[in-house]
Structures are given as structure tokens and as C-alpha cells.
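Engineer: Need the 3D shape of this:
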Amino acid sequence: IPCYHAREATDAIKPILGDYYREDGTPIVKAFLKVHRECKFIGGLNGVQFYRPGQRPQQQPCGSNARTS
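Structural biologist: Numbers count the residues shown, from 1 in each chain. The predicted model follows:
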């Protein structure tokens, strides 16, 4: 969803999600800085992916098929 339709999309999905809808009231700049400071990498490329704190895995050369875990 393009960012300029985010509010309309949020308003449309809230009734569908009901009690499952969650909202973080953190200002966007503060949230961005926190993620930049604390979340450094995503482990693996398969399945559900989560940002993980700590040091990034070893860098792979561009075009490499090797994956880090």
C-alpha cells in the first residue's frame, strides 16, 4: 500500500481485524531511530522474517548465493 493511502487502508482494515488490531503510538521518527539503533539484520531468507538485535552476519559478496544464518 503506498504510504499516501496508509490512513485510508488503516481505517478500512480496523473493523476487519477487530481485537487483533494493534497500534503503536510511538512517533515515527523516534520509532525509526530506535529500529536503526537496535535492529541490525534479518536472519535467513525463508519463512517468516524478524529483525534481530546484535551484530550483522558476515557480509556476502554481491551476487553470492551463500546465505547467512
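Engineer: Number of residues surrounding the residue lying closest to residue 26 once chain neighbours are set aside?
Structural biologist: Using Cβ to Cβ, 6 or more residues apart in numbering and skipping residues adjacent in sequence, the residue nearest residue 26 is residue 34, 7.6 Å away. C-betas here are computed from N, CA, C, even on glycine. Residues lying near residue 34 (other Cβ atoms under 10 Å) number 11.
Engineer: quick one: which helix or strand includes residue 34?
Structural biologist: helix 28-38 (DSSP states H and E).
Engineer: averaged over its residues, what pLDDT does that helix have?
Structural biologist: Averaged across helix 28-38, pLDDT comes to 86.
Engineer: What of stretch 3-21?
Structural biologist: In this model, stretch 3-21 has an average pLDDT of 90.
Engineer: Give the buried residues for that stretch.
Structural biologist: Within stretch 3-21, no residue counts as buried by 16 or more other Cβ atoms under 10 Å.
Engineer: C-alpha coordinates for it, CSV please?
Structural biologist: C-alpha atoms of stretch 3-21 as CSV (Å, rounded to 0.1, in the frame of the first residue of the first chain):
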residue,chain,number,x,y,z
CYS,A,3,2.3,5.5,2.1
TYR,A,4,-0.1,8.2,0.9
HIS,A,5,-3.0,5.7,1.3
ALA,A,6,-1.9,4.3,4.7
ARG,A,7,-4.5,6.2,6.7
GLU,A,8,-7.4,5.1,4.5
ALA,A,9,-6.1,1.5,4.5
THR,A,10,-5.8,1.5,8.3
ASP,A,11,-9.3,2.8,8.7
ALA,A,12,-10.6,0.1,6.3
ILE,A,13,-8.8,-2.8,8.0
LYS,A,14,-9.5,-1.9,11.7
PRO,A,15,-13.1,-3.3,11.6
ILE,A,16,-12.0,-6.5,9.9
LEU,A,17,-9.2,-7.1,12.4
GLY,A,18,-11.3,-6.2,15.4
ASP,A,19,-9.5,-7.1,18.7
TYR,A,20,-6.4,-8.3,16.7
TYR,A,21,-5.6,-4.7,15.6
